[in-house]
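K.L.:
need a 3D model of the following:
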Amino acid sequence: MPANDLSLRSAVDVLYSDHHSWLQGWLRKRLGNTFDAADLTQDTFVRVIKARTALDIREPRPYLSMIAKGLLIDLFRRRSLEQSYLEALAAMPQEQHPSLEEQAILLQALMEIDRLLLGLGPRVRQAFILSQFDGLTYPQIAERLGVSVRTVNNHMAKAMEHCCLMQIQLQLS
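P.N.:
Numbers count the residues shown, from 1 in each chain. Got it, this is the predicted structure:
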């Protein structure tokens, strides 16, 4: 193993041993749940390992808490999405419910779409959803949003560019 890899591994080991308990307690206070706190603590350190930044960290607790806050937001977004999906499912007649396997696939797809649309402005996101999921034409979207067709066209171009860039980022990570 190259010396730089050994130094990086050593830095991660020290970071983990010095701050794991603190981070897990910090997360437990925010979540009120030991199991989720343990999962997010591990996910935080996995992010550090993947980023290969352990040697450069000067203030570990602010750095770790910043990563953990992002993971907390992701967890809350995922749970909110799951809850909305379950509510929609509960409103459907039982005989129209997809199988458990289909439900899992649908929920995974919803989460992927949510990730792709993350970072879009509300109007751009709304135009994209109206086009791609509701099947509205650009003139119909313009009327619904109270904007010009040209604005809808610009919104859609931004949304498509953003989704393509997000897809590339997800494939690289």
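K.L.:
select the longest helix from this structure.
P.N.:
helix 60-91 (DSSP state H).
K.L.:
what mean pLDDT does that one have?
P.N.:
Per-residue pLDDT over helix 60-91 has a mean of 91.
K.L.:
how is this structure carved up into domains?
P.N.:
Structural domains annotated on the chain: 1-96, 119-173, as defined by automatic domain parsing.
K.L.:
among the ones you listed, which is nearest residue 107?
P.N.:
Closest of the domains of the chain to residue 107 is domain 1-96, at 5.6 Å (criterion: C-beta to C-beta). All C-beta atoms are positioned from the backbone trio N, CA, C, and that covers glycine.
K.L.:
packing partners for the helix or strand where residue 166 lies?
P.N.:
For residue 166, the host element (DSSP states H and E) is helix 149-172. Helices and strands touching helix 149-172, by 3 or more C-beta pairs under 8 Å, 6 or more residues apart in numbering; DSSP states H and E, are helix 100-117, helix 122-132, helix 138-145.
K.L.:
any chance of these in JSON lines, plus distance to residue 160?
P.N.:
Supplementary listing: the helices and strands packed on helix 149-172 in JSON lines, determined by distance: least, C-beta to C-beta, whole Å:
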{"stretch": "helix 100-117", "distance to residue 160": "11"}
{"stretch": "helix 122-132", "distance to residue 160": "8"}
{"stretch": "helix 138-145", "distance to residue 160": "13"}
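K.L.:
coming back round to it: mean confidence (pLDDT) on the helix holding residue 166, please.
P.N.:
88.
K.L.:
compute the inter-axis angle for that helix and helix 100-117.
P.N.:
Orientation of helix 149-172 against helix 100-117 (axes from the mean of the first three to the mean of the last three C-alpha atoms, to 10 degrees) gives an angle of 110 degrees.
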